[in-house]
Structures are given as C-alpha cells and as structure tokens.
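[1] predicted model, plus sequence, below.
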Amino acid sequence: MAREFSFSSQSNSFNLPLPRASRSIAFMLIVTTFFSVYVVRLAQLQLIQGEYNRQRAELNRIRPIPIPSDRGNILDRNGQVMVANRMSRGVYLWPREQSPQQWQVTAKKLGAILKISPAEILKKLEQRGYKSALPVRISRDINVETFIALAEKIGNLRGVELRAESNRNYPYGDLAAHVFGYIGEATEEDLKANPEYPMGMIVGQMGIERKANAQLAGVWGARLIEVDARGNEIRELGVRPPKAGEPVQLTLDLDLQKTAEKALGNRRGGVVVLDVKTGAVLAMTSWPRFDPNIFTRKISSADWQRLQAPDKPFLNRALQGYPPGSTFKVITAIAGLESGKFTPDSILYSSSSINVGGIDFHEHGGGYGPIGFVDALAYSSNTFFYQVGMAAGPEEIAKWARRLGIGETTDLDLLGLGQGSHGSVPTPAEKYKISDEPWYAGDTVTMSIGQGLVLVTPLEMAVMTAAIANGGYRVKPHLLASQTNTPLTKPEPTGMKRETIETVRKGLIAVVEKGTGRGINDGSIPLTGGKTGTAEVPGQEDNSNYIAFGPADKPEIAIGIVVENGGYGAVSAAPIAHEIFKTYFSKQKL
C-alpha cells in the first residue's frame, strides 16, 4: 500500500498517481480527438470544398493575361495616317497576390511613384475584386523617369507588373482635335452597356474616336501562362491573339487641314471646307484646340486647368452659331428673287440710309445709286438688301435659309461628333414663342443683312455656298469616306430656279473680281467666288466672316469662315480662304 499512497506532514503535500491503464486511455483519447479533427478537416477540404480548392490551386499556378488590341488607324481621304499607335508601358496589379491590408501599404508606395492617389488605386482593385485572378491596369503610358523609379522597386512589390503595350498616338498634336476627339478607359457605364469589354478597355470618348469606336477598337486577346510561387512565368500554355481594330478613312484632306489651321492661327473662330458635289468635309478646324495626346496618359492638374480655360478649348466653333453679317445677303437675294417680287434684272436705288419706323438704317457710305443684284452683292449694299428683305418678308427669308442648310436641315448626327449647335433664322411667330415679343419692321431690316436674331455656323455657311456653286443642291456634310456617294448623303434639291442661282453666282464672282473681296484675286490662284461679311458684336470688335467657292467656272469646293473679333471680312477671314485655295489648286495642278 505504501507504493500506492504516501503522506508527509512535513510538506503538507500528497501524491495520487493514476493507474497505468487510466493513463493509456487518456493518451488514446487525445490522439483520437486529434485525428478526428484532422479527418473532419480533410473531409471538408476534399469533399465539401474540394472543387473550390482545386480551382484556387489551379489559379495560383495558372494566370490569364489579357492582351490589349491595337486601335485602328485614322486616315485622311488619300490614305495618309492622321492617328496611329505607339509602344508604351503600363502598370498592372494582380489583386490575389496581396491581402486588402497589404494593398493599402503598396498603394501608398505606388501612388508616390506614379503620382496617383492611393484611393484611386484601391478603387480599381475593389472594382476588379481582391480575389480576382485577372490583372487590373492602374496607369498607362508612364514616362521614362517613372519607369526607372518603378523598375528599381518592383522586385519588392509583389503583384505589381510593368507591361509593354500599344498606346494611341496623335502625331500632329492638336491638328483636327475637335474632329478626332479623344480616348479613355471605359467607364462603369460603358462596361455595363458592353459586357464583352475587359476592365481597362480603351474606348473613344468624343469625335470620330467615339463615333467609329466599334470599328476602331478591335478585340482583346489573352495569354494563359504557368507561374511559380513567386509569380514568375514558367511556360506559356496557350494564346488567343488579339484582333486589331480596322482603319477608318475620313473625308479630310491632311494638307487642307494643315493649311486651314495655320491660316486661322491663334485666333478664335472656325473654318469648314466642303466638296460642293458630295458634301464631304475636306477640312474643319476651330481654335482654341486641345491636344488629344494628353488623354492617352494620366491627365495632370495643369492640363486639366488648361482644358477648363475661359476660351473653352473643347468648344468646336465650326459648329457654333454666329451673326453672319453680309454673307447672309445671299439668302436675302434668293428669297427676293424666288418670291416673284424681283427679277435678275431688277434695279433699286441705294442711298446713304433708309428710315424704317422712325429709325435710320445706314449704308456703308453715301450709297451706290441705282443698282442691281450682281453689283449689290459685289459692293455689299446694305440699303439695297434692306428693301429686298422687307419686300420678301421674314417668313420667305427664313424658308430659304432652311432650304439652303441653315438650322436643323443640316444634320449634325451625320457628322457624329457629339457636339455643336444649329444656326437660327426665326420667323415672327417663332420670335414671339421664344421671347413673348412681337416682330418689328426693324427686325426684318436687320435680318436682311445677317444681324439681329440671325445666327449661322461656319459649317452652314459652307453648305449654303455649296448650294449656289453646285447648281442648287443642299449637300449633307459628312466625315466618313464610306458615306460619300451613298443614299445617306445624296444632296437634296433646294428648289431654286436656274436664273436665281446664276444671278447669285455672278454676284459672288463679282465680289472677287471688283468688289469687297478683290484682295484675294491677285493672280496666284484661279478666279473664285466669295462674299465678305462684317458682323457687329455688342461691346467688342466686329467678327470677320467670309464664304467662298472655287474655281469660278467649275466649282469644286466651298468654304465658310468666322474669325471672332477679326474686324472686316476682307481683312481677316478672306485671306484664310486665299491660303486654302492655294493649297487646293496646287494639289489639283490648276
């Protein structure tokens, strides 16, 4: 018994050893419990979560890598490249490589290098999902300095990848910026509307880039690769090559576009050049402009501030309404002749002024005496057209303005630039509906010479001029070469009589031969037709306007020009047309 029990009064302690069998049972219980937990966990992993874990292990080993497609080139009418692509470097993150907490630390490090806020980086990761096996691009077209800074640290940034890729390039900078528009990553709305788009998809945001995006974008491809535990590529398992976007050919002529932009210079305004037979837009420019290249990378705050400048670089002034001034006398002449109240041989007396409703409306000088339509256009007689306009009436003037393309009869949706407005030639009823004011006789007087309530865009000026040049057909301006000579762009007859067209055309040729536009008839180009216009702008210098067609005998192109605060039409706008004609005729060897 002494071996099984002992007591010591000295130490006030006692020992009660368990029997050997009890200890064995306890040990077996512990082992059994351990293995039971193990078996249960194994069953859970293998049977219940087996498929999930097999997929997860496979994704840890195999990575799909998206391959962006090249956007199609944009070409001019002669096949010259106006917009293309170039090689660049983008920064991609693999969401599964780090935990959300780790990415918060990495985002701060990357943000400092890439000049991106950490919140923006984390937002893109969250959009993709932290468990996603697909990469997400956080920056594109990084510069050399950023590339070097990131390359030095990328070895310690798990899940961060630098990748060579194609990027949009506008080799001529801001040339035709309002026509081309710009590109950017697909927004959340774009991704929802187009489920086939991968995250990071580049799409057109404005202009032709947007209008023809389906043709330009192409289809992304993918590489399937096997990687080791560190994420290094071991081998390629398969490739689905990307499909490059198709090229888009425009009606623009690169040389004419360059000339128009150089001639306009850094003056606010717009210029449009049309083919008088087809309505193809040969040149369209507006100043100020913007450089679409800034949208191919992260926009700096300085760039963004410039885009928000008061002179509105995004505004396409070729599609904005301006008082047309005396260029509108073409419409008044047509309305007068078509009204039946005048003939091509009609003569009216022009004086220094006429009085209407107790208000004197003045001529340029002392008047021209007895004068007909041709000379009235050549010398731009105000008092002649005051009389014609009042006789024809505002409804007749507005009707012929619409027929010749001023207002909604010129379809901006066909251009597809996603911006712009129509001109306006309101009738008395429309004025009352808009302003709740009656029509006054003075409204008809000012309307007759392109002032007051009348607004016309440079594009509409060119459409109007083309109708005179081509024998009376309203052309439909368009930018895609594929639309030329199709039913969609077939010119529509305006209904003008032949004698009306011939009278007005003779008057516009007389403008250049002996009238207000004779300054561009210097012998360097064939004879053309045109009409100057000087439009009053309250509190500012007058706008300078000019319309033109050429050559005079067999017209091929029509031009509409507005130079804001440029003064006389003959001084600022007409020389722009002269430069455009020089380029056009030199190309045609005329």
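    Ah, there it is.
[2] which other residues reach the one helix or strand Val445 maps to?
    Using DSSP states H and E, Val445 sits in helix 441-448. By Cβ atoms under 8 Å, 6 or more residues apart in numbering, the list of residues contacting helix 441-448 from outside reads 328-329, 332, 356-357, 359, 361, 385-386, 388-390, 393-394, 397, 425, 428, 431, 452-454. C-beta here means a position set from N, CA and C on the backbone, and glycine is covered the same way.
[3] only C-alpha atoms, please: export whichever helix or strand comes after it in CSV.
    Sequence order places helix 458-469 as the next helix or strand after helix 441-448, per DSSP H and E. Taking C-alpha atoms only, helix 458-469 is exported to CSV below (Å, rounded to 0.1, in the frame of the first residue of the first chain):
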residue,chain,number,x,y,z
PRO,A,458,-19.3,78.1,-90.3
LEU,A,459,-20.5,74.7,-91.4
GLU,A,460,-23.8,76.0,-92.5
MET,A,461,-22.1,78.9,-94.3
ALA,A,462,-20.2,76.3,-96.4
VAL,A,463,-23.4,74.3,-97.0
MET,A,464,-25.2,77.4,-98.2
THR,A,465,-22.3,78.3,-100.5
ALA,A,466,-22.1,74.8,-101.9
ALA,A,467,-25.8,75.0,-103.0
ILE,A,468,-25.0,78.1,-105.1
ALA,A,469,-21.9,76.5,-106.5
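[4] show me the contacts of helix 441-448 that map onto strands.
    Among these, the ones falling in strands (DSSP state E) are Val356, Ile359, Phe361.
[5] let me see the mean pLDDT of the strand ranked longest in the chain.
    For the chain, the longest strand by residue count, based on DSSP E, is strand 81-93. Here strand 81-93 scores 92 as its mean pLDDT.
[6] next one: stretch 296-308
    pLDDT averaged over stretch 296-308 gives 83.
[7] follow-up on the earlier one: for the helix holding Val445, buried residues please.
    For helix 441-448, the neighbour count (16 or more other Cβ atoms under 10 Å) marks Asp443, Thr444, Val445, Thr446, Met447, Ser448 as buried.
[8] if we can go back for a sec, from the ones in strands among the contacts of helix 441-448, which would you call buried?
    Neighbour counting over the ones in strands among the contacts of helix 441-448 (16+ other Cβ under 10 Å) leaves Val356, Phe361 as the buried ones.
[9] report the contact partners of Glu499.
    So Glu499 contacts Leu337, Thr343, Pro344 (Cβ under 8 Å, 6+ apart).
[10] now render those residues as TSV, adding neighbour count and pLDDT.
    As requested, the contacts of Glu499 are exported to TSV (neighbours: other Cβ atoms under 10 Å; pLDDT from 0 to 100):
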residue	neighbour count	pLDDT
Leu337	24	98
Thr343	14	97
Pro344	17	98
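[11] which ones among those lie within helices?
    Among the contacts of Glu499, the ones falling in helices (DSSP state H) are Leu337.
[12] thinking again about what came up before, gap between the helix holding Val445 and the chain center?
    With Cα atoms, centre = their mean, to the nearest Å as the basis, helix 441-448 stands 37 Å off its chain's centre.
[13] burial count for Lys587?
    Lys587 is flanked by 12 other residues according to other Cβ atoms under 10 Å.
[14] which residue is the nearest non-sequential neighbour of it?
    Ranked by Cβ to Cβ, 6 or more residues apart in numbering and with sequence neighbours excluded, the top spatial neighbour of Lys587 is Asp255, at 6.4 Å.
[15] same check on Pro241?
    Closest residue to Pro241 apart from its sequence neighbours, by Cβ to Cβ, 6+ apart: Gly221 at 4.8 Å.
[16] rewinding a little: for the helix holding Val445, the averaged confidence score.
    For helix 441-448, the per-residue pLDDT averages 96.
[17] now stretch 486-503
    The average pLDDT within stretch 486-503 is 98.
[18] off-centre distance for that stretch?
    That offset, for stretch 486-503, works out to 31 Å (Cα atoms, centre = their mean).
[19] may I see the buried residues of it?
    Residues of stretch 486-503 classed as buried by neighbour count (16+ other Cβ under 10 Å): Thr489, Pro491, Thr494, Met496, Thr500, Ile501, Thr503.
[20] and for stretch 475-483?
    Neighbour counts over stretch 475-483 (16+ other Cβ under 10 Å) mark Val475, Lys476, Pro477, His478, Leu479, Leu480, Ala481, Gln483 as buried.
[21] TSV please, covering those residues and showing distance to Lys131 and secondary structure.
    Listed next are those as TSV, based on distance: Cβ to Cβ, whole Å; DSSP: H, G, I helix; E, B strand; the rest coil:
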residue	distance to Lys131	secondary structure
Val475	57	coil
Lys476	53	coil
Pro477	51	coil
His478	48	strand
Leu479	45	coil
Leu480	44	strand
Ala481	47	helix
Gln483	47	helix
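[22] Lys109 contacts Leu157, correct?
    Yes: assessed by Cβ atoms under 8 Å, Lys109 is found in contact with Leu157 at 6.8 Å.
[23] spit out the contact partners of the closest residue to Met464 other than its chain neighbours.
    Spatial nearest neighbour of Met464, chain neighbours left out: Leu404 (4.5 Å); criterion: Cβ to Cβ, 6+ apart. Counting by Cβ under 8 Å, 6+ apart, Leu404 makes contact with Ile331, Ile334, Val463, Met464, Ala467, Arg474, Thr494.
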